[in-house]
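*Asks:* Sharing a sequence plus its predicted fold:
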Amino acid sequence: MISGAAQADIAVLVISARKGESKTGYERGEQTREHVQLAKTLGLSKLFVIVNKMDNPTVNWLRERFCS
């Protein structure tokens, strides 16, 4: 990840919208948080966030889930 991120112009973060999965990576010491911090440290100023699995029955395309 480090060598690839050092050469990148942008970062893309894909997160799950399913309940129980979406916030797990942001808890202290988890990979999602570490990857975002690493991207910022390496000077990436643009981060695209893609919300995946919106069609899951626990989400059902709810705007509230997308915006939370």
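*Replies:* Looks like it arrived, so ask away. From a predicted model like this one, the values you see are computed outputs, not experimental measurements.

*Asks:* how about the strands in this protein?
*Replies:* Applying DSSP state E to the chain gives strands spanning 11-16, 47-52.

*Asks:* Compare the ones you listed and give me the one nearest residue 41.
*Replies:* When these are compared by C-beta to C-beta, strand 11-16 sits nearest residue 41, at 11.4 Å. For the C-beta atoms, the positions are set from N, CA and C on the backbone; glycine is no exception.

*Asks:* Flag every buried residue along that closest one.
*Replies:* The neighbour-count check on strand 11-16 (16 or more other C-beta atoms under 10 Å) flags 11, 15, 16 as buried.

*Asks:* Looking at it now, give me its mean pLDDT.
*Replies:* On average, the pLDDT along strand 11-16 is 86.

*Asks:* Then stretch 21-40?
*Replies:* Per-residue pLDDT values over stretch 21-40 give a mean of 76.

*Asks:* Quick one: end-to-end length of it, please.
*Replies:* End-to-end distance for stretch 21-40, by C-alpha to C-alpha, to the nearest Å: 23 Å.

*Asks:* re earlier: just send the strands of the chain back as TSV, with distance to residue 67 too.
*Replies:* Shown next, in TSV, are these (distance: least, C-beta to C-beta, whole Å):
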stretch	distance to residue 67
strand 11-16	13
strand 47-52	10
